[in-house]
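Q: Structure here, sequence nowhere to be found:
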């Protein structure tokens, strides 16, 4: 199999199976979450605040008072990483073309230089966050295989995509195929690792805010 055949496989069967596993896995995990049910709350609401869940989703996007100063690496690194990932995935012209081919939807892209800077910033953030995790005794003890696996599968698409775009070290066709395989690996693992927090964090924040609002306490 030559590099072109490898790229064809990455763009075809491998991508199709990765998307099938991704969608099926996400649906299964969501079914597990909502299938747990929720007992009827018979207590009288202390506040008439039906938007408590939505408020918590918005308010939790900012760090609690004092936490940014206490642990700036986690918060700043996390914001840089997630913002960079969003820009890279959804605002890079070739990626938008991919989404248009899949769904027919498209939108404006950012200049390539800005996307390129976002990739570099995300890579730096990943490196800093890993070093912080390893050097912090408590976080190192709390970290398991899943944490490092998630870190690796997040890093690989960024790194291989950057190398493919800039034609670094490896022949372009091969590097593009490797980039696609790294994305497909991320898609396959996404529903079954902590990457699933992309969906579950909004559900849990809404639930926490709704319950807290019912009880009349801050979330």
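A: Yep, it's here. All of these numbers come straight from a predicted model, not from anything done at the bench. Numbering: from 1, shown residues only.

Q: Surely residue 80 and residue 120 touch.
A: No. Using Cβ atoms under 8 Å as the test, residue 80 is too far from residue 120 to be in contact (10.5 Å). Backbone N, C-alpha and C define where each C-beta goes, glycine included.

Q: so how far is residue 157 from the closest residue to residue 22 other than its chain neighbours?
A: Of all residues not flanking residue 22 in the chain, residue 187 sits nearest, at 4.1 Å (Cβ to Cβ, 6 or more residues apart in numbering). According to Cβ to Cβ, to the nearest Å, residue 187 stands 10 Å off from residue 157.

Q: what about the closest residue to residue 140 other than its chain neighbours, distance to residue 144?
A: Leaving aside its chain neighbours, residue 140 sits nearest to residue 134 (5.8 Å; criterion: Cβ to Cβ, 6+ apart). Here the criterion is Cβ to Cβ. By it, residue 134 lies 13 Å from residue 144.

Q: Next: residue 85.
A: 22 Å.

Q: Next secondary structure element downstream of the lowest-mean-pLDDT helix or strand in the chain?
A: Within the chain, no helix or strand scores below helix 52-59, which has a mean of 63 by mean pLDDT, DSSP states H and E. Using DSSP states H and E, the helix or strand that follows helix 52-59 in sequence is helix 67-70.

Q: And the next helix or strand after that following helix, what's buried?
A: Reading on from helix 67-70 to the C-terminus, the next helix or strand found by DSSP H and E is helix 72-90. For helix 72-90, the neighbour count (16 or more other Cβ atoms under 10 Å) marks 74-75, 77, 80-81, 84-85, 87-89 as buried.

Q: now those in TSV, with distance to residue 150 and pLDDT?
A: Below are these laid out as TSV (distance: Cβ to Cβ, whole Å; pLDDT from 0 to 100):
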residue	distance to residue 150	pLDDT
74	15	82
75	18	84
77	15	87
80	17	91
81	12	91
84	16	92
85	13	91
87	20	92
88	17	91
89	16	90
